[in-house]
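1. Sharing a model prediction with you, sequence too.
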Amino acid sequence: MKFNSTQTGRRPQYTGYYSSPLGEILLSADELGLTGLWFEGQKYYARGLDESATEMETDILKQARKWLDIYFSGREPDLSVPLHPAGTKYQQEVWALLLDIPYGHTVTYGELAGLLNEKGKDHHTSARAVGGAVGHNPISIMIPCHRVLGSGGSLTGYAGGVEKKLQLLRLEKPGS
């Protein structure tokens, strides 16, 4: 999956829900892509969702539900959903790195910071800064922030809760 990087102006947003094995999920999209995927009650729930968002079935929301059906069946989804997360340039850079983490694999916040430092000529970033950007990811699961661990592989932070993070990681590694 890749981001649709068009960021000009506010676009109408549409919402829908998905009942997952880990709880109810709120989905939001505009005409360019999925803009949000939040577990009910998670930290930053519906952050950035326009108050005038309309609950309505759209092709993008249908694609997102199909992707989630495949994912929660324990398989790696083989379809792509257009993504359109709103965030700062730095957050977008971090979220793009998250998309490169393979299904069933994990990285640390420090490793992501190292990758950003290798790429960036204009800034030096820390694991803590990466953690802030990862924590504000508006499209959890599809932009796989649950695959990021603390130093030494410790299970730290997840806006949906550490228990959900553990369940998502287990889902991606059957038998572990």
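-> In hand now; what should we look at?
2. drop to CA atoms for contacts and neighbour counts, all remaining ones
-> Will do.
3. Do you have the helices of the protein handy? List them.
-> Ranges of helices in the chain, per DSSP state H, are 59-72, 89-99, 109-119, 127-135, 162-172.
4. Spit out the contact partners of the nearest residue to residue 151 once chain neighbours are set aside.
-> Excluding its sequence neighbours, the residue lying closest to residue 151 (C-alpha to C-alpha, 6 or more residues apart in numbering) is residue 108, at 6.1 Å. By C-alpha atoms under 8 Å, 6 or more residues apart in numbering, residue 108 lies in contact with 148, 149, 150, 151, 152, 153.
5. which of these lies closest to residue 31?
-> residue 148 (29.4 Å; C-alpha to C-alpha).
6. Let me know whether that closest one touches residue 106 as I believe.
-> Yes - using C-alpha atoms under 8 Å, residue 148 is in contact with residue 106, at 5.7 Å.
7. Specify which residue of the two has the higher count of neighbours.
-> Between residue 148 and residue 106, counting by other C-alpha atoms under 10 Å, residue 148 is the more crowded of the two (26 against 17).
8. wait, what's in contact with residue 95?
-> Residue 95 is in contact with 133, 134, 137, 143, counting by C-alpha under 8 Å, 6+ apart.
9. For the residues you listed, give me a markdown table that also has pLDDT and distance to residue 76.
-> Converted to a markdown table, the contacts of residue 95 look like this (pLDDT from 0 to 100; distance: C-alpha to C-alpha, whole Å):
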| residue | pLDDT | distance to residue 76 |
| --- | --- | --- |
| 133 | 92 | 25 |
| 134 | 92 | 21 |
| 137 | 94 | 20 |
| 143 | 97 | 13 |
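10. ranking these by neighbours, who comes first?
-> Most surrounded of the contacts of residue 95: other C-alpha under 10 Å gives residue 137, at 27 neighbours.
11. My guess is that residue contacts residue 143. True?
-> Yes - using C-alpha under 8 Å, residue 137 makes contact with residue 143 at a distance of 7.4 Å.
12. Quick check: beta-bridge partners of residue 26?
-> As for beta bridges, residue 26 partners with residue 17, residue 38 under DSSP bridges.
13. count of residues packed around it?
-> Neighbours of residue 26 using other C-alpha under 10 Å come to 18.
14. List the residues that contact residue 130.
-> 94, 109, 112, 113.
15. Closest to residue 124 out of the contacts of residue 95?
-> Closest to residue 124, out of all of the contacts of residue 95 and judged by C-alpha to C-alpha, is residue 133, at 14.4 Å.
16. So which elements touch the helix or strand of the chain with the lowest mean pLDDT?
-> Least confident helix or strand, the chain: strand 54-55 with a mean of 79, by mean pLDDT, DSSP states H and E. With contacts taken as 3 or more C-alpha pairs under 8 Å, 6 or more residues apart in numbering; DSSP states H and E, strand 54-55 sits against strand 14-20.
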